[in-house]
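# the sequence and its predicted three-dimensional model are supplied below.
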Amino acid sequence: MGLTLERSSLRHRKSNLINNVKEQFANFNIILQFLDSNDYLNRRIGFALCIPKYDKFSDDFKLIIKRKWATETLRNKMGESFTQLCNRIFA
């Protein structure tokens with residue numbers, strides 16, 4: 001009986017982990033779609049989506065965001081207050 005509960009618990013944890021990875025991957029794809037847009041408002045949405053979860057992102061994904069932000073600052077279309085906020089987080 002105890003072994004069955006333990007296996008069930010392991011399956012449940014594995015299932016939760018897989019679901020979390022799928023959710024993160026979906027979030028990354030959504031963010032990247034916004035950041036890769038030709039429309040600066042969509043790119044702004046992409047950066048805004050990154051702000052609350054930035055600390056939880058992998059180092060590789062953070063590097064992608066930082067590089068995209070560095071490119072975006074050269075375009076200078078985001079507005080001063082939004083640029084200052086993003087500079088504090090991504091730069």
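Yep, it's here.

# grab the nearest non-local neighbour of Asn42.
Phe34 (5.0 Å; CB to CB, 6 or more residues apart in numbering). (Glycine included, C-beta is placed from N, CA and C.)

# which SSE is the one you found in?
helix 2-35 (DSSP states H and E).

# again with Lys62
Assigned by DSSP H and E, Lys62 belongs to helix 59-75.

# which outside residues touch that helix?
Helix 59-75 is contacted from outside by 28, 32, 35, 40, 43, 47, 50, 54, 57, 78, 83, 86-87, 90-91, using CB atoms under 8 Å, 6 or more residues apart in numbering.

# that one vs helix 2-35, what angle?
Here the directions of helix 59-75 and helix 2-35 differ by 10 degrees (axes from the mean of the first three to the mean of the last three CA atoms, to 10 degrees).

# alright, I will stop here.
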